[in-house]
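Participant: Got a predicted structure here, sequence first:
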Amino acid sequence: DASLYDGFVNDADRSRCSHVLQQMLSGQDVREMDFEDGRLHELLWRLRARRNPDALKVEEQERWRSEVRARLSGAPTTSALAAFRAALEMLPATAVTIRTALEAHANAIEHYLGGAMPTQAS
C-alpha cells in the first residue's frame, strides 16, 4: 500500500493527473487514464471511490466497501471504528452537540458498510 506513494511521477503522467483533476472538478467521472506509471491506476481508482462511491459500478462498490471495512476492522478483535467510539465516550458531558454529530457519522459509516463493526478488545 505504501509503495503507491513511493517515488516521483514523470512529467507525462503529471500532465495526465492534472487533466484528470480538471475533468473531475468539472463534474466528469474519469474511469481510466493511460498512465505510464502503473501505481496511478490504483490511485485514480481510490480517488474515484473516495470522491463519489455511489457513482461506482456495483462490483466496484463492493470492492470499495471491502477495502474500507478491512481498513476500519484491522485485526478481528480491534477496530478503528470501535476505537473512535471509545474516544467519544471520553468527551466531556458538555460536548453533547459534537458527540452527537460524531456518533451519527460513525453510525453512517457502519450503515454504509452493512452492519456493526467488530468491537474493540478490552
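Facilitator: Ah, there it is.

Participant: now stretch 31-47: how far from the chain's centre is it?
Facilitator: Mean-position distance between stretch 31-47 and its chain equals 16 Å (CA atoms, centre = their mean, to the nearest Å).

Participant: got a list of contacts for it?
Facilitator: Residues from elsewhere that reach stretch 31-47 (CB atoms under 8 Å, 6 or more residues apart in numbering): 3-4, 9-10, 12-13, 16-17, 19-20, 24, 30, 48. Any C-beta I mention is one placed from the backbone N, CA and C, and that applies to glycine too.

Participant: got any ranges where the protein has weak pLDDT?
Facilitator: Within the chain, the segments meeting pLDDT under 70 span 1-6, 74-78, 115-122.

Participant: Helices along that one, start to end?
Facilitator: All helices of the chain, identified by DSSP state H, fall at 11-25, 39-51, 58-73, 80-89, 96-113.

Participant: and the ones you listed as CSV, adding mean neighbour count?
Facilitator: Formatted as CSV, the helices of the chain follow (neighbours: other CB atoms under 10 Å):
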stretch, mean neighbour count
helix 11-25, 13
helix 39-51, 15
helix 58-73, 14
helix 80-89, 15
helix 96-113, 13
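
Participant: So which residue is smack in the middle of this protein?
Facilitator: residue 50 (4.9 Å; CA atoms, centre = their mean).

Participant: Contacts for stretch 90-105, please.
Facilitator: With CB under 8 Å, 6+ apart as the criterion, stretch 90-105 contacts 84, 85, 88.

Participant: Cool, thanks, talk later.
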